[in-house]
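Enquirer: When you get a sec, could you give me coordinates for this:
(chains A and B)
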Amino acid sequence: MIEIPGQCFDGESSAATPAVLRVDEAGLVTLSIYPAHLPLALSDLEISERVGNIPRLIRFPDGAQFRTAQNDQVDQVLARFGHARGSRWVHRLESHLRYVAIAVVVMVIASFGLVKYGIPYFAKLAAQTVSAQTAASIDDGAMQVLDKAFFAPSKLDPAIQARLRKRFDRMTTVAEPGFKYELLFRAGGPIGANALALASGTVVMTDEMVQAAKNDEELVSVLAHEIGHVVHRHSLRRAFQSSVVALLGVMLTGDVSSVAQIVAALPVILVEAQYSQNLESEADAYSLAYMQQQGIDPIHFKNLMLRLEKKHEEHGKIPSFFATHPETKERVKLFERLGQQNGASSK
Amino acid sequence: MQQNNITSPSGGQPLSFQFTGSGFEYFKIWIVNLCLTVITLGIYSAWAKVRRNRYFYGNTQLAGDAFEYLANPISILKGRLIAVAFFVALSMSQHFSVMLYGILILVFLVLFPWILVRALVFRARNTAFRNIRFTFRGTYGQAFLNFLLLPALPAIFIFAPMFLFQPNAQTDFTPMLVSAGVGLLLVLAFAPYFLYRQKRWFIDNSGFGTDRFDFDARVIDYYKVFGVMLLMILALGGVFALFGGIAMASLGGKAGGDIQATVAGYWFLGMAAFYLVVLVIYGFIFAYANARFSNIMFCGTRIDGHQFEADLSAWGLFKVYLINLLGIIFTLGLFIPWAKVNIARYMADHVYLIPNGDLDRFVADQQSAVAAVGEEMGEMFDIDIGL
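Expert: The predicted structure follows:
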């Protein structure tokens, strides 16, 4: 016979009555203050799972509740007579330091793997299932917003515009069909020498970028990079990734005070910067592949990038872990090496 | 062993709430919760939430009896899935279609009062003390009025001119600025009153068993606290202006050739220090507001003749926040469970109930179960439902 002291609440009023729960050798349960009750089997009772050392609640079929702080005694009874129900293993995980240590390690590895490989992988997988037509249709209206926020009409010579458009059209005939490829020129204003791609296939190049280039090959390398963003559906992936990361952030910091949430915003920014750098590298790879295929020396990309970086350095630099693009030195390495090979083979 | 010493009538002796949990114990629960949540790609988070709340409710005691959290993880999971779907749709649409984003925001605004009410009902129904559940009876209309319509009224003055005028180079912007100024003043003038209405709505519609809570705090107290907050913010602004002026003056003194290099060298350090100082001062104002508004609310709450009291202090709460902030930064987040326990303990230590006779006379109320959709959507969108 096991006797567990505690209190009983009948569920109809808030009055508490001291009571003793008795479990006999056959596992049948009686309550001292309800001697009239027939003995009940453990399976007739609803026994709350153990969480830390909070009081255990044992609910009777009539709604009455027996409560006790004697967690260990309840566990003994369950171990002896209980049927394998509920999740006692969770409490076992929580109460053994060894398992907790393992949990810390598993969580760090799993979160790292999920953030570093899992999310980008699933984003890529999801984006690839979207057809070019669908991917192209999702950013209607984005150009108007950009025009309002940053750009002014281009002041570029129409002859230069026409020449570059012709080059661009030739490039898009070999790119994945289905997108509405279009090359637009704008005065960059606050964003300076830059180029960007929309999901639809629209590529915008600023006047400043055209002026910074020494020849058309350099601009072609940039256009190929932007087309790389389009065909790899980077807008879609970026949106998907940042949604999931924001969601994770909310989930993990949901139970912290709001002061601490300001601190927690930092990792989210770092992770998004890392994702952005990865997508840029992918677009670089597309550009490189195009240039090699067309027999254009990859060195042109390097030349333009270094020239732009020199220009930017006058305005100060952002540490690479915050930057949306990889370090220029890293980016041009590949182009440089392949450029030298090309040069050697053509001699 | 629990002592049941409150069944005998004890005239007017304040009963303190007690928090009996420990940071390390909760750390173990927290880390296992996180680990299982990550491994199951978020599915376990519903069970994790139940364990977390059971730990905190179960360790919060009044007169030797602990509170109980009774929610069913499956109903939380269902609500959470709907909330996640909506959150992802909202977040994705932000990147692509301004139109769709606007529509979803509008849908959310219309749903918001409903979500709020359902969240409060769900939480009340799943909180019990001595096997008696809490209740909540607020309606959509009142939630809409108190949380959307009234707070949005001053905004009309701020945003309406933007739609009425089509500005061009010759536009006189004075009426727009005046209108925006009036809107801002209205916000300042009515914010304490709106806060008071929200708290009153929340307390008056809450109940325990068949009894209802009563709210008799005075609006003027909300205005006093708000006034002090405003003064602190103004003083803060003055200090910044002063420091900004000093920095500018010292720069102007040596406007030489390589000033750029000097500035760049100290820029990052200066920004970091500035950020930290702002965070700490913001933390103090936040602590002050939280402590005082909580005191007003508790001291204005009664049920069946039992009166709540609270004596939270701005300084005491600020110390808890500061320790939590430093702990979380220096442990890269591992301190979070201790931080949460610290706050729960501080709150419990400074809230009291002055009983009128014993606590045995409450009677259970019969109500049907509710779904968790509202509560989970509320949690996803970080709605602070207070208390």
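Enquirer: biggest helix in chain A by residues?
Expert: Scanning chain A for the longest helix, with DSSP state H as the assignment, gives helix A:258-293.
Enquirer: Break down the stretch 101-250 of chain A into its strands, ranges please.
Expert: Taking DSSP state E, counting those that start in this stretch to define them, one finds strands in the stretch 101-250 of chain A at A:152-153, A:182-187, A:195-197, A:202-206.
Enquirer: The second one pairs with which strands?
Expert: Each strand pairing with strand A:182-187, determined using DSSP bridges, is listed with its direction: strand A:152-153 (antiparallel), strand A:202-206 (parallel).
Enquirer: and the strands of the stretch 101-250 of chain A, which is most packed in?
Expert: Here the criterion is mean neighbour count by mean count of other C-beta atoms under 10 Å in any protein chain shown, and of those the winner is strand A:202-206, at a mean of 24. No exception for glycine: its C-beta is placed from N, CA and C like everyone else's.
Enquirer: How about residues contacting it?
Expert: Under the criterion C-beta atoms under 8 Å, 6 or more residues apart in numbering or on different chains, residues A:143, A:146, A:151, A:164, A:168, A:180-188, A:191-198, A:219, A:222-223, A:226-227, A:230 lie in contact with strand A:202-206.
Enquirer: please redo it, this time with the cut-off set to 6 Å
Expert: Contacts with strand A:202-206, where a contact means C-beta atoms under 6 Å, 6 or more residues apart in numbering or on different chains, come from A:Glu182, A:Leu183, A:Leu184, A:Phe185, A:Arg186, A:Gly188, A:Asn194, A:Ala195, A:Leu196, A:Ala197, A:Glu226.
Enquirer: For the residue of chain B found nearest chain A, list the residues it contacts.
Expert: Chain A sits closest to B:Gly58 of chain B, with a gap of 2.7 Å, by C-beta to the nearest C-beta. In this structure, B:Gly58 makes contact with A:Ile54, B:Ala66, judged by C-beta under 6 Å, 6+ apart.
Enquirer: B:Gln142 now?
Expert: Going by C-beta under 6 Å, 6+ apart, B:Gln142 touches B:Trp201.
Enquirer: List the backbone torsions phi and psi for it.
Expert: Dihedral angles phi and psi of B:Gln142 (degrees, to the nearest 10) take the values phi -70, psi -40.
Enquirer: before we move on, the earlier item: for the longest helix of chain A, packing partners?
Expert: The criterion is 3 or more C-beta pairs under 6 Å, 6 or more residues apart in numbering or on different chains; DSSP states H and E, and the helices and strands that helix A:258-293 contacts are helix A:216-231, helix A:234-253, helix B:314-330.
Enquirer: what separates that helix from the chain centre, distance-wise?
Expert: With C-alpha atoms, centre = their mean, to the nearest Å as the basis, the distance from the averaged C-alpha position of helix A:258-293 to the chain average is 11 Å.
Enquirer: Skip the chain neighbours and tell me the closest residue to B:Gly327.
Expert: Counting by C-beta to C-beta, 6 or more residues apart in numbering or on different chains, B:Phe335 is the residue found nearest to B:Gly327 once chain neighbours are left out, at 3.5 Å.
Enquirer: A:Ile33 now?
Expert: Beyond its immediate neighbours in the sequence, the residue positioned closest to A:Ile33 (C-beta to C-beta, 6+ apart) is A:Ala19, lying 4.6 Å away.
Enquirer: The residue of chain A found nearest chain B and A:Arg67: what is the separation?
Expert: Proximity of chain A to chain B (C-beta to the nearest C-beta) peaks at A:Ile54, 2.7 Å away. Distance, A:Ile54 to A:Arg67, using C-beta to C-beta, to the nearest Å: 10 Å.
Enquirer: try B:Phe335
Expert: In this structure, B:Phe335 and A:Arg67 are separated by 32 Å, where distance is defined by C-beta to C-beta.
Enquirer: Mind telling me what element A:Cys8 is part of?
Expert: strand A:2-9 (DSSP states H and E).
Enquirer: same question, A:Leu57
Expert: Counting by DSSP H and E, the secondary-structure element that holds A:Leu57 is strand A:56-59.
Enquirer: Provide the strand pairings for that strand, with the direction of each partner.
Expert: Under the criterion DSSP bridges, strand A:56-59 sits next to strand A:46-47 (antiparallel), strand A:65-68 (antiparallel) in its sheet.
Enquirer: Give me the contacts around that strand.
Expert: The contact list for strand A:56-59, computed with C-beta under 6 Å, 6+ apart, reads A:Leu45, A:Glu46, A:Ile47, A:Ser48, A:Gln65, A:Phe66, A:Arg67, A:Thr68, A:Asn71, A:Val74.
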